[in-house]
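1. okay, predicted coordinates and the sequence, questions at the end:
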Amino acid sequence: MATVRLHFLGPPRLERDGRIVDPNTRKATALLAYLALSGERPSRDWLAAFLWPDYDESRAKAALRRTLSALKTAVGPDILYSTREAISLPPERVWCDVTEFRRLLAGSAAGGGWETAVNTLYRDDFLSGFSLRDSLPFDDWQVMTA
């Protein structure tokens, strides 16, 4: 079973089995970040409108299909759970620095969590230097998540 590590504190970096992978599109990286951190299992319709707000519905869905294909090629087909209706990431197959950072901070009252979080995980601000020029909804989500 493949393991995927998502580094979003700083410029995004994706690793599969210890090797850096490139999903080939910014939208694929954005999709992965959203799925990893939203805690949701969004519908394909919603994701298409979220990432391609200026496209008509059929064009946005086609773009989502292409993006999913690129993402599956980069991280592996077993990492994404997708049906005709919804898409999600199985949390047991994906490690994310933001999730781990939050977990350590939540446990910092017990001692050491804050220092460990900052010293080992924090590289820079959330998705530093990353944006989608044509998706204001994603950019808004990114700012609110930071």
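-> Done, it's in. Residues are numbered from 1 along each chain as shown.

2. contacts and neighbour counts: CA atoms only from here.
-> Noted.

3. can you tell me the centre-most residue of this protein?
-> In the chain, the C-alpha nearest the mean C-alpha coordinate belongs to residue 33, at 1.3 Å (Cα atoms, centre = their mean).

4. distance of the nearest residue to that residue once chain neighbours are set aside from residue 46?
-> Distance criterion Cα to Cα, 6 or more residues apart in numbering; nearest residue to residue 33, sequence neighbours excluded, is residue 8 at 7.5 Å. From residue 8 over to residue 46 the distance is 23 Å, taken as Cα to Cα, to the nearest Å.

5. and if you look at residue 93?
-> If you go by Cα to Cα, the gap between residue 93 and residue 46 works out to 24 Å.

6. on the three-state scheme, the residue nearest to the centre of the chain is what?
-> Secondary structure assignment for residue 33 (DSSP: H, G, I helix; E, B strand; the rest coil): helix.

7. wait, isn't it in contact with residue 11?
-> No. With the criterion set as Cα atoms under 8 Å, residue 33 and residue 11 do not qualify as a contacting pair; they are 11.7 Å apart.

8. need the contact list for residue 72.
-> With Cα atoms under 8 Å, 6 or more residues apart in numbering as the criterion, the residues that contact residue 72 are 78-80.
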